[in-house]
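*Asks:* Okay, sequence plus prediction incoming.
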Amino acid sequence: MTAPVLSGPFRPGDRVQLTDPRGRMNTVSLEPGAVFHSHRGDIRHDDIIGVPDGSVVVNSGGVEYLALRPLLRDFVMSMPRGAAIIYPKDAAQILARADIFPGATVVEAGVGSGALSLWLLRAVGPAGRLHSVERRAEFADIAAGNVAGFFGESPANWSVTLGDLADVLGETVAAASVDRVVLDMLAPWEVLEASATALKPGGVVLAYVATVTQLSRVAEAIRRTGLFTEPDADETMVRGWHLDGLAVRPDHRMVGHTGFLITARRLGPGVVLPARARRGSKAEGTDADVEAWTPDALGEQGKSAKVLRKKAREAQALANRSRSTAPSAD
């Protein structure tokens, strides 16, 4: 895997984030001879190429712009989207909660627009391996374009398989060969058996779900398999702060609930987890409850096929620009 250049002077093919005095950002891919146009003036790409990261460039109207390489979180928030992305606050917690490490073999179900794939690929490094499974070809196309757009090529240690995880995982990876399984899907309880088969003893399964009913369902399903430790769940909320002299206060807006993370670890072969002490009678979810968690019932608003095709073209164009302007290995 070829990592994007993260430091040094700007080069052709680099993405640069231009921030104006009002904090408005624009991200462009640098091409010799190209020009960034705005209603406040133009900036020639040639005036950015060769200057250090963190420089200030002035447009034709005299407006100063701060030029920085976008961080991965900036890239994922601005890249073309088909499905909703996993936000950086949750991606960071997924890396920590699932303990994604360099060299790990990871399976990801639900590639969406590729945001989490980028974080996982960065975390496992060139020695690791990411196997992504996606049910919808249009989402896989968008993700492939976004990942190639960030790295400058499609990483050699990343594969995307179309289909349902329960059906294709056995053909994709060997039993007990996977370190981590990350499930970003509507019904992760349906693939727990397949995930358990793929995981090494002690490996981690993590599910990202949006609603309390999904959270309850997957927790009870994990317990019923008898193949995992007791599940653990939480959510992350981020509150920014306004910093201006002595005017220091919480922002008026915050990034609240986006999803729950629930994790468990694979038990060793034949191991039976000690019975859990429970207080009183607890109602468990049933198969009949699944109807409450369909996409329509959850209010999920899918994008039309026309919009998805447009996003796939945008992602592919991003990948093509990254490939065509990237410096050669020589």
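*Replies:* Yes, it's here.
*Asks:* Please give me every residue in contact with Val307.
*Replies:* Contacts for Val307 (C-beta atoms under 8 Å, 6 or more residues apart in numbering) come out as Gly82. Every residue, glycine included, has its C-beta placed from N, CA and C.
*Asks:* Show me what counts as buried in the host helix or strand of it.
*Replies:* Using DSSP states H and E, Val307 sits within helix 305-325. By neighbour count with 16 or more other C-beta atoms under 10 Å, helix 305-325 contains the buried residues 308, 311-312, 314-316, 318-319, 321-322, 325.
*Asks:* And stretch 114-128, by the same measure?
*Replies:* Buried residues in stretch 114-128 (16+ other C-beta under 10 Å): 114-124, 128.
*Asks:* Ok, stretch 251-268 next?
*Replies:* 258-267.
*Asks:* got it, and stretch 70-88?
*Replies:* Neighbour counts over stretch 70-88 (16+ other C-beta under 10 Å) mark 70, 72-77, 79-88 as buried.
*Asks:* and of the buried residues of helix 305-325, the nearest to Phe10?
*Replies:* Distance to Phe10 across the buried residues of helix 305-325 (C-beta to C-beta) is lowest for Thr325, with 11.6 Å.
*Asks:* In terms of helices and strands, where is Lys200?
*Replies:* Assigned by DSSP H and E, Lys200 falls in strand 199-209.
*Asks:* Which neighbouring elements make contact with that strand?
*Replies:* In this structure, strand 199-209 makes packing contacts with helix 88-97, strand 178-183, helix 192-198, helix 212-225, strand 260-265, judged by 3 or more C-beta pairs under 8 Å, 6 or more residues apart in numbering; DSSP states H and E.
*Asks:* what about the fourth one, distance to the chain center?
*Replies:* For helix 212-225, the separation from the chain centroid amounts to 23 Å (computed by C-alpha atoms, centre = their mean, to the nearest Å).
*Asks:* buried set for the following helix or strand past that helix?
*Replies:* Helices and strands here follow DSSP H and E; after helix 212-225, the next one along the chain is strand 232-235. With burial defined by 16+ other C-beta under 10 Å, the residues of strand 232-235 counted as buried are Ala233.
*Asks:* ok, strand 232-235: who's next to it in the sheet?
*Replies:* Strand pairing for strand 232-235, determined by DSSP bridges: strand 260-265 (antiparallel).
*Asks:* any idea how far Leu68 lies from Leu192?
*Replies:* Counting by C-beta to C-beta, to the nearest Å, the separation of Leu68 from Leu192 is 43 Å.
*Asks:* more crowded one of these two?
*Replies:* Neighbour totals were compared for Leu68 and Leu192, and Leu192 leads with 22 against 17 (other C-beta atoms under 10 Å).
*Asks:* dump the residue contacts of the more buried one.
*Replies:* Here Leu192 is in contact with 205, 218, 221-222, 225, 227-228 (C-beta under 8 Å, 6+ apart).
*Asks:* Just send these back as TSV, with pLDDT, distance to Gly54 and neighbour count too.
*Replies:* Below are the contacts of Leu192 laid out as TSV (pLDDT from 0 to 100; distance: C-beta to C-beta, whole Å; neighbours: other C-beta atoms under 10 Å):
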residue	pLDDT	distance to Gly54	neighbour count
Val205	98	41	30
Val218	97	44	25
Ala221	97	49	21
Ile222	97	46	24
Thr225	96	51	15
Leu227	97	50	22
Phe228	97	46	23
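*Asks:* Pull the most distant pair out of those.
*Replies:* Of all pairs drawn from the contacts of Leu192, the greatest distance, 13.6 Å, lies between Val218 and Leu227 (C-beta to C-beta).
*Asks:* what helices or strands is the helix or strand harbouring Ser132 leaning on?
*Replies:* Ser132 belongs to strand 129-134 when elements are defined using DSSP H and E. Judged by 3+ C-beta pairs under 8 Å, 6+ apart, the packing partners of strand 129-134 are strand 105-109, helix 115-124, helix 137-151, strand 158-162, helix 165-172.
*Asks:* Of those, which is nearest Leu246?
*Replies:* Checking these against Leu246 by C-beta to C-beta gives helix 115-124 as the closest, at 36.8 Å.
*Asks:* Which residues does the closest one contact?
*Replies:* 1, 3, 72, 75-76, 79, 85-86, 91-92, 94-95, 100-106, 108, 111, 128, 130, 132, 143, 146-147, 150-151, 155, 157-158, 182, 184.
*Asks:* Would you mind measuring from the closest residue to Ser7 other than its chain neighbours to Asp74?
*Replies:* Excluding the flanking residues, the one nearest Ser7 by C-beta to C-beta, 6 or more residues apart in numbering is Asp53, at 6.2 Å. As for Asp53, its distance to Asp74 is 13 Å (criterion: C-beta to C-beta).
*Asks:* Does Asp184 touch Val107 like I think?
*Replies:* No - Asp184 lies out of contact with Val107 (C-beta atoms under 8 Å); the separation is 11.4 Å.
*Asks:* Looking at these two, which one has more neighbours?
*Replies:* A direct count of neighbours by other C-beta under 10 Å for Asp184 and Val107 places Val107 higher, at 29 against 24.
*Asks:* Domain map for the protein?
*Replies:* According to automatic domain parsing, the chain comprises the domains 15-70, 74-269+284-293.
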